[in-house]
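In: Generate a structure from the sequence data that follows.
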Amino acid sequence: MGRLLYALAASAALSAQLAAAPAWAAQPRALVQGELDPELRAAILRAIGDTDRPIDNRFEARRRATAAAEDAIAVLRSEGYYAYDVEPDVGEGDAPSPIVRITPGPRFVLAVPKIAWAPPPPDPDTATGALDSLSLKPGAPGRAAEVVAAEGRAVAAVQQRGYADATALPREVVVDHADHTVQPTYRLKAGALSRLDGIKLSTNGRTGVAWLQHLAPWKPGDLYQPRDVAELERRLLDTGVYDNVTVGLAPPDQLTPQGLRPVVVSLAERKRRTIELGASYDTNLGPGVDIRWTRYNWLGRADTFALFGKYSRIDSRVGADLALPHWRMPDQTLTLDAAVYRLTTDAYDSTGFTVKADALRHFTRTSYLTLGGSLDFARTQELKPGTLTSLGRDVATFSLLADLALDRSDDLFNPRHGWRVSARAEPTLLAGQGTVPYLKVQSQGSAYWPFGRQAQTVLAARLHLGAILNGTVADIPAPQRFYAGGGGSVRGFAYQAVGPRLPDNTPQGGLSLMEGSIELRHELNRDWGIAAFVDAGAVGASSSPTFKTLGVGAGFGVRYNLGFGPIRVDIAAPVSGRHGGAPFQLYVSIGQAF
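Out: The predicted structure is shown next:
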């Protein structure tokens, strides 16, 4: 027992001594001596690197000095210093410092670059374009990286002019120590011009070749363009139906009798069916459950067919939808949707059936135009304004839709700069107890301004306006009026809690809407961020917005970066315009509020 205590005490004493001993601070692997340009010296030190291991003997010091000298030579040559003098050395003592003495010499500059073509050469315009693409200015520093990069630009320029098999042969670079120049001569082989045929599908699957053909951004006989092949690959990947897509040219020995080269497509299709289950809980809306069964590529044209069901206290529905990407033309999706639903809110109850068809045309990944129409049959229970008597309506609603969205922000889920605008118009005809035509219009814009050190702080603002033209509150069924309040509207208020109310405190809804938000977001580090915000909204009984029912909410939140976007947790409370309800609201979602 005594020996054990002695061993423990000795170990503790040794640990204390080690802890008290100063740690060997990280320092350069070798000292760099010589008259050097500050930027060149910094580049050499980065290449040499640091170490936190002390030197035990002269042999180790010599080894480190030699390795550092090799690193320094590589940097000098890459920066155009070819008449250098680099000498590794060691200091005095038993544990000397490794030293690298450097005399860089004059910096070599570029001479006029040349291209030597392997026979047969390309057409004169292509040869001129390749030479221009080098972008090497005579007299500029003869950096090795720029000499190498220029070769890649030349090959790409030749390929973009239809020479699909253009390649680079070993280049020749002459370093002339007499006039301190670097003379690159690139040896390129253009090959033959390639003209494209149709698409050849190399894999077996559910996708039809006829549908693939209409996706090609070229016509048979067109000259090969790398961007056309890349565009076909993008169009296929954007459907979301394929796990992997490979697009390339057939080998030169597989030309058609007309001398055209097929484009070979390989598709790895995702699983035929999936089932998704989801659950949610909201302190105001209660629990929710979602289920979705999806069948992919049923029709052999990258289509998606789904059956879905949803249950919550406010919105429950079952239905089906079908999405046809690249419908009639690339980047245009037709979506057909049918559902039976039940809505139960503080303002109304509604049960009905709806069908709709939308054609969405993408300009960019996040900017689009949607045109469509819908037909809805519903039975609505609501309170009649003025008398508070229960009003049951059987209404058929036919609506057209035009929705334009332009997104010039830098990120879909976490924008830091740029702007977004959208405009939506829905001409609508109501049929039931009389016929009422009206027009529902909405517009929204948001902007983002980064500032501060490394743009870690972002000021974001949003404005949303809406109006219903031609009709009164009594004419328009409650489900089709405007309401405000909730996570995507005015935080701090419950759903439909902002706006005019009936004498029994039931939300009435209105014919106009105005919402605005200001939010300050700050990143604490790569993973965490915070935000403070003020939201405001008002709903008016006429088509012109009014501030009489203005509700203002304020709060703060935290953000955790998931890599593709933040998960957002916000807590907010009403500042003005509260009509009962909870004193605060909690929101959890993925992505910024706007």
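
In: beta partners of the residue nearest to residue 332 when sequence neighbours are not counted?
Out: Take residue 332 and drop its neighbours on the chain: the residue closest to it by CB to CB, 6 or more residues apart in numbering is residue 361, 4.7 Å away. Yep, even glycine has a C-beta here, placed from its N, CA and C like the rest. Going by DSSP bridges, residue 361 is paired in beta bridges with residue 332, residue 369.

In: ok, residue 361 - contacts?
Out: The neighbourhood of residue 361, defined by CB atoms under 8 Å, 6 or more residues apart in numbering, consists of 331-332, 368-371.

In: quick one: which of these is nearest residue 419?
Out: Distances from residue 419 to these, taken as CB to CB, are shortest for residue 368 (16.0 Å).

In: Go through whichever helix in the chain runs longest and flag the buried ones.
Out: Among all segments of the chain classified by DSSP state H, the helix with the greatest residue count is helix 58-78. Judged by neighbour count using 16 or more other CB atoms under 10 Å, the buried positions of helix 58-78 are 58, 60-62, 64-65, 67-69, 71-73, 75-78.

In: Likewise for stretch 96-103?
Out: Applying a neighbour-count criterion of 16+ other CB under 10 Å, the buried positions in stretch 96-103 are 96-102.

In: For these, give me CSV that also has secondary structure.
Out: What follows is the buried residues of stretch 96-103, written out as CSV (DSSP: H, G, I helix; E, B strand; the rest coil):
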residue, secondary structure
96, coil
97, coil
98, strand
99, strand
100, strand
101, strand
102, strand
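
In: Quick one: the helices in this protein, in order.
Out: Counting by DSSP H, the segments of the chain that form helices are 2-20, 38-48, 58-78, 124-133, 144-159, 209-213, 226-238.

In: Residue 193 is nearest to which of these?
Out: With CB to CB as the criterion, residue 193 lies closest to helix 124-133 of the helices of the chain, at 9.2 Å.

In: correct me, but residue 157 touches residue 129?
Out: Yes - here residue 157 reaches residue 129: they are 5.1 Å apart, a contact under CB atoms under 8 Å.

In: Look at these two and report which has more neighbours.
Out: residue 157 (21 against 16; other CB atoms under 10 Å).

In: where does that one land on pLDDT?
Out: The score at residue 157 is 96. That number is its pLDDT.

In: Tell me the spacing between it and residue 90.
Out: With distances taken as CB to CB, to the nearest Å, residue 157 is found 50 Å from residue 90.

In: same deal with residue 150?
Out: Residue 150 sits 40 Å away from residue 90 when distances are taken as CB to CB.

In: Could you do residue 221 as well?
Out: 70 Å.

In: higher neighbour count, those two?
Out: Each of residue 221 and residue 90 has its neighbours counted (other CB under 10 Å); residue 90 has more, 21 against 11.

In: List the contacts of that one.
Out: Counting by CB under 8 Å, 6+ apart, residue 90 makes contact with 58, 61-62, 65, 96-99.

In: Outline the domain layout of this structure.
Out: Under the assignment named as automatic domain parsing, the residue ranges that make up the domains of the chain are 23-103, 109-189, 196-269, 273-325, 326-590.

In: low-confidence ranges in this protein?
Out: For the chain, applying pLDDT under 70 flags the ranges 1-25, 282-285, 385-389.

In: Wait, residue 315 touches residue 341, no?
Out: Yes - counting by CB under 8 Å, a contact exists between residue 315 and residue 341, whose distance comes to 7.0 Å.

In: So if I had to pick from these two, which one is more boxed in?
Out: Set side by side, residue 315 and residue 341 show more neighbours around residue 341, with 17 against 14, by other CB under 10 Å.

In: can you pull up the bridge partners for that one?
Out: On the basis of DSSP bridges, residue 341 takes part in beta bridges with residue 317, residue 352.

In: Distance-wise, check the residue lying closest to residue 164 once chain neighbours are set aside relative to residue 248.
Out: Distances taken as CB to CB, 6+ apart put residue 194 closest to residue 164, at 4.0 Å, once the chain neighbours are dropped. Plainly put, residue 194 is 12 Å away from residue 248 if you go by CB to CB.

In: Now residue 334: closest residue in space that isn't a chain neighbour?
Out: Distances taken as CB to CB, 6+ apart place residue 327 nearest to residue 334, at 3.9 Å, with adjacent residues excluded.

In: Would you mind putting the CA coordinates of stretch 176-195 into PDB?
Out: Extracted as PDB, the C-alpha positions of stretch 176-195 are listed here (Å, rounded to 0.1, in the frame of the first residue of the first chain):
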ATOM      1  CA  ASP A 176      16.500  32.100 -71.000                       C
ATOM      2  CA  HIS A 177      19.100  33.300 -68.400                       C
ATOM      3  CA  ALA A 178      20.600  35.800 -70.800                       C
ATOM      4  CA  ASP A 179      17.600  38.000 -71.100                       C
ATOM      5  CA  HIS A 180      15.600  36.700 -68.100                       C
ATOM      6  CA  THR A 181      12.600  35.600 -70.100                       C
ATOM      7  CA  VAL A 182      10.300  32.600 -70.000                       C
ATOM      8  CA  GLN A 183       9.200  31.400 -73.500                       C
ATOM      9  CA  PRO A 184       6.300  28.900 -73.400                       C
ATOM     10  CA  THR A 185       5.400  26.900 -76.500                       C
ATOM     11  CA  TYR A 186       2.200  24.900 -76.300                       C
ATOM     12  CA  ARG A 187       1.800  21.800 -78.400                       C
ATOM     13  CA  LEU A 188      -1.900  21.200 -79.100                       C
ATOM     14  CA  LYS A 189      -3.700  18.600 -81.100                       C
ATOM     15  CA  ALA A 190      -7.100  19.700 -82.300                       C
ATOM     16  CA  GLY A 191      -8.400  16.600 -83.900                       C
ATOM     17  CA  ALA A 192     -11.400  16.600 -86.200                       C
ATOM     18  CA  LEU A 193     -14.500  18.800 -86.000                       C
ATOM     19  CA  SER A 194     -17.400  17.000 -84.200                       C
ATOM     20  CA  ARG A 195     -21.000  17.400 -85.200                       C
END
